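# how would this look folded up:
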Amino acid sequence: TYAEVSGRLASGLVSWWALDATDSLGSELVTDGDCSSDSFGKESLWVYDSTNEQYDSTVTGGNAITQNVGIVAYKYYQITFTVSNYASGGVQANPGGYSNGTARTANGTYTEILQANHADSLNTILIKGVGATGFTGSVDDISVKEVKIEDLKGSNDGVIYGAAIDTDLYGGDTPVIPRA
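Down below sits the predicted model:
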């Protein structure tokens, strides 16, 4: 626990998370993520298919479907979408216009956590074709939720990914937890 950390280590902490800490998610940011109506903006070569309640693409470049969901620069988002009717190319999520997710090149439901990693990030989620090859297929069931983590020290809006290394890990200021 945080109470077991002492001395220089405690005063130098920026954040503290328990070893069993997990991400928690904010509320759904997408309106009509099930695509039951045409609620996304459509760039060239994307169309809304009202019969199948999905967005179809024959994009030959990086055009996208978009929705203003209030993306905030430097925050992390869990983004989920389903690809169906895949024919060619790739499709990826992009929170804020600067952070491309993994190119998806097959039918399936995909979830990943991405950071809106630019000061000029837009408020928008983009689901877009990849590069010059674009994307031919369909997308639906789109979800965007902010990743939230309880920081036990309360001093950082960071995430629990990564770690800092104490170069004198086995020095006198390292916390010692008694063995059972």
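# rest of the way, CA atoms for contacts and neighbours
Noted.
# could you point out which element follows the helix or strand bottoming out on mean pLDDT in the chain?
The weakest-scoring helix or strand in the chain, judged by mean pLDDT, DSSP states H and E, is helix 7-11 (a mean of 57). Sequence-wise, the next helix or strand downstream of helix 7-11 (DSSP states H and E) is strand 24-28.
# just give the strands next to that next one in its sheet, each with its orientation.
strand 135-148 (antiparallel) (DSSP bridges).
# pull the number of nearby residues for the spatially closest residue to residue 24 that is not a sequence neighbour.
Among residues not flanking residue 24 along the chain, residue 148 sits closest, at 5.1 Å (C-alpha to C-alpha, 6 or more residues apart in numbering). Neighbour count for residue 148, taken as other C-alpha atoms under 10 Å: 18.
# any idea how far residue 118 is from residue 148?
19 Å (C-alpha to C-alpha, to the nearest Å).
# quick one: residues contacting residue 63.
43, 44, 45, 46, 128, 129, 134 (C-alpha atoms under 8 Å, 6 or more residues apart in numbering).
# can you turn the buried part of these into a ChimeraX selection?
Here is the ChimeraX selection string for the buried members of these, based on 16 or more other C-alpha atoms under 10 Å:
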select :45,46,128,129,134
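# nearest to residue 32 among the contacts of residue 63?
Checking these against residue 32 with C-alpha to C-alpha, the nearest one is residue 46 at 17.1 Å.
# list the contacts of the closest one.
By C-alpha under 8 Å, 6+ apart, the residues touching residue 46 are 55, 56, 57, 58, 59, 63, 64, 65.
# how about the first one, phi and psi?
Backbone dihedrals for residue 55, given as degrees, to the nearest 10, come out at phi -110, psi 130.
# check the third one too.
The phi and psi torsions at residue 57 (degrees, to the nearest 10) take the values phi -130, psi 140.
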